[in-house]
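>>> generate coordinates for the sequence data below:
(one chain, ligands or ions: 1)
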Amino acid sequence: MLRDSVDLDALEQNAQRVMRPESWVFCDTGADDEITAKENVQAWRKFKLRPRVLRDIVEIDTSVSLLGARLNTPIMVAPTGRHHLFHTDGERATARGAAAVGALYVMSTSGATLVEDVAKERGGAPQWFQLYMQPQREETGQLLDRCHKVGFSALVLTVDQPVPGWSPRAARTPVIPSDKVRSVNMIGQPIAKTAYDPDRKGLAMFPTNFKDLEWLVHRCAMPVVVKGVLRGDDAGRCVDCGVKGIMVSNHGGRHLDTTVTTAEVLAEVVEAVGASAEVYVDGGIRRGTDIVKALALGARAVLLGRPPLWGLSVDGADGVAAVLTHMHQEMVRAMQLCGANSLAALTRDLVKA
Ligand SMILES: Cc1cc2nc3c(=O)[nH]c(=O)nc-3n(C[C@H](O)[C@H](O)[C@H](O)COP(=O)(O)O)c2cc1C
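All right, here's what the predicted structure looks like:
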């Protein structure tokens with residue numbers, strides 16, 4: 001059983017030991033030379049904190065509202081696919097772990113668990129659904145209706161993977177198709193193909209454009225968030241299409257290598273969006289101080305991708321909960337040491353580039 005205080009480096013090593021080799025590679029790999037995957041982590045460390053002293057930091061308020069839902073932590077679980085590679089209960093275990101600590105879980109399109117079953121694990125915490133647009137709009141629409149019906153409260157459209165990236169490591173140690181990695185929520189969907197990989201069966205292969213986004217915002221009963229934005233001008237255009245949230249993300253460096261890191265571009269996106277939408281960020285967040293920096297730079301919340309999967313593989317739902325609790329505690333300590341007693345007190349002046 002993992003304890004609340006988790007050594008993330010040790011947990012990662014432990015996760016590698018317990019996962020099958022192809023599952024580990026699927027979880028860990030970045031695209032091409034894996035430069036972005038590594039630089040995401042380092043980029044947060046390059047920002048320096050400018051702590052305030054002599055502030056009242058006994059009571060710390062970490063509550064936040066995300067698209068109208070009140071949460072006690074600004075830490076969310078990022079959408080990641082194929083959780084049955086990491087635990088027999090798959091996405092249900094992840095959802096349970098997040099719910100146990102009141103954290104928001106963003107469920108991926110790519111998983112072998114039905115949205116109806118994940119929704120049952122919600123507890124008191126909200127859940128969002130992440131979508132890859134599919135070629136047939138109405139079948140996508142039907143999936144959105146199912147998500148809305150069972151209580152998912154926002155839709156996250158991922159846009160940074162119009163075609164799959166290339167991972168030499170994953171090519172050497174591939175995940176073999178099986179029921180464990182079937183995207184069950186999309187059954188009945190035609191298979192999207194691309195010129196790059198015409199035989200590939202699966203999701204995320206259908207390039208999406210701003211017209212599709214407008215359609216989606218109009219069609220979807222839930223507020224729409226766009227995930228995978230790295231530029232202020234793109235963020236502005238998404239907002240013009242009616243989206244309510246922007247996720248600054250480079251997909252953990254899994255598709256296009258050598259992009260800018262999310263830490264570097266967060267402030268640009270925040271400035272472009274202003275008060276028109278909420279901004280969230282993921283990529284390489286491994287410390288409470290990283291979270292404090294992200295929030296000080298204007299993010300409303302952060303998402304963790306790989307760390308919850310390490311927890312999931314080692315200790316199921318409890319492992320996910322332990323990772324989230326640990327990161328939350330680190331964030332609270334960093335806030336206290338910075339002289340900030342609420343998320344509102346995490347302002348831009350706390351960070352020096
Ligand atoms: C194993 C794995 C699977 C992922 N699957 C998805 C996915 O299905 N949809 C999506 O939008 N992002 C996916 N991502 C990207 C994450 O949502 C997130 O952007 C990224 O992992 C954040 O970086 P971090 O892992 O350094 O925290 C995946 C990431 C990983 C590691």
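
>>> return the residue of the protein that is most distant from the centre.
L54 (35.1 Å; C-alpha atoms, centre = their mean).

>>> give the contact list for that residue.
Contact analysis of L54 by C-beta atoms under 8 Å, 6 or more residues apart in numbering lists G339. C-beta coordinates here come from the backbone N, C-alpha and C atoms, glycine included.

>>> what's near enough to touch the closest residue to the ligand within the chain?
Closest to the ligand within the chain is G305: 2.0 Å, counting by C-beta to the nearest ligand atom. For G305, the contacting residues are 78, 80, 252, 282-283, taking C-beta under 8 Å, 6+ apart as the criterion.

>>> and T173, by the same measure?
T173 makes contact with 21-22, 25 under the criterion C-beta under 8 Å, 6+ apart.

>>> what subset of the contacts of G305 is also close to the ligand?
By C-beta under 6 Å from any ligand atom, the members of these lying near the ligand are 78, 80, 252, 282-283.

>>> can you tell me which residues in this structure are near the ligand?
Within the chain, the positions lying close to the ligand (C-beta under 6 Å from any ligand atom) are 26-27, 40, 78-81, 108, 110, 130, 158, 227, 249, 251-252, 254, 282-285, 304-306.

>>> contacts only, for the residue lying closest to R300 once chain neighbours are set aside.
Nearest residue to R300, sequence neighbours excluded (C-beta to C-beta, 6 or more residues apart in numbering): E278, at 4.6 Å. Contact partners of E278, counting by C-beta under 8 Å, 6+ apart, are 66-67, 225, 244-246, 300-301.

>>> and for S65?
Shown here is S65, whose contacts under the criterion C-beta under 8 Å, 6+ apart are L71.

>>> assign a three-state SS to it, would you?
strand (DSSP: H, G, I helix; E, B strand; the rest coil).

>>> against L104, how distant is it?
Here S65 is placed at a distance of 11 Å from L104 (C-beta to C-beta, to the nearest Å).

>>> find residues that contact each of these two.
Common neighbours of S65 and L104, using C-beta under 8 Å, 6+ apart, are L71.

>>> CA-only coordinates of stretch 215-227, as CSV, when you get a sec.
Only the C-alpha atoms of stretch 215-227 are listed here, as CSV (Å, rounded to 0.1, in the frame of the first residue of the first chain):
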residue,chain,number,x,y,z
TRP,A,215,-20.0,22.2,-34.9
LEU,A,216,-18.9,20.5,-31.7
VAL,A,217,-19.5,23.5,-29.5
HIS,A,218,-23.0,23.8,-31.0
ARG,A,219,-23.8,20.1,-30.8
CYS,A,220,-22.5,19.4,-27.4
ALA,A,221,-24.7,20.0,-24.3
MET,A,222,-21.5,20.2,-22.1
PRO,A,223,-19.0,23.1,-22.1
VAL,A,224,-16.2,22.3,-24.5
VAL,A,225,-12.5,22.5,-23.6
VAL,A,226,-9.7,22.3,-26.2
LYS,A,227,-6.6,20.3,-25.3
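
>>> buried ones in it?
By neighbour count on 16 or more other C-beta atoms under 10 Å, the buried set for stretch 215-227 is 215-217, 220, 222-227.

>>> before we move on, what about stretch 16-27?
Quick answer for stretch 16-27 (16+ other C-beta under 10 Å): 16, 19, 22-27.

>>> related to what we said a few turns ago, got JSON lines for the buried residues of stretch 215-227, with pLDDT and secondary structure too?
Formatted as JSON lines, the entries for the buried residues of stretch 215-227 read as follows, by pLDDT from 0 to 100; DSSP: H, G, I helix; E, B strand; the rest coil:
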{"residue": "W215", "pLDDT": "96", "secondary structure": "helix"}
{"residue": "L216", "pLDDT": "96", "secondary structure": "helix"}
{"residue": "V217", "pLDDT": "98", "secondary structure": "helix"}
{"residue": "C220", "pLDDT": "97", "secondary structure": "coil"}
{"residue": "M222", "pLDDT": "98", "secondary structure": "coil"}
{"residue": "P223", "pLDDT": "98", "secondary structure": "coil"}
{"residue": "V224", "pLDDT": "98", "secondary structure": "strand"}
{"residue": "V225", "pLDDT": "98", "secondary structure": "strand"}
{"residue": "V226", "pLDDT": "98", "secondary structure": "strand"}
{"residue": "K227", "pLDDT": "98", "secondary structure": "strand"}
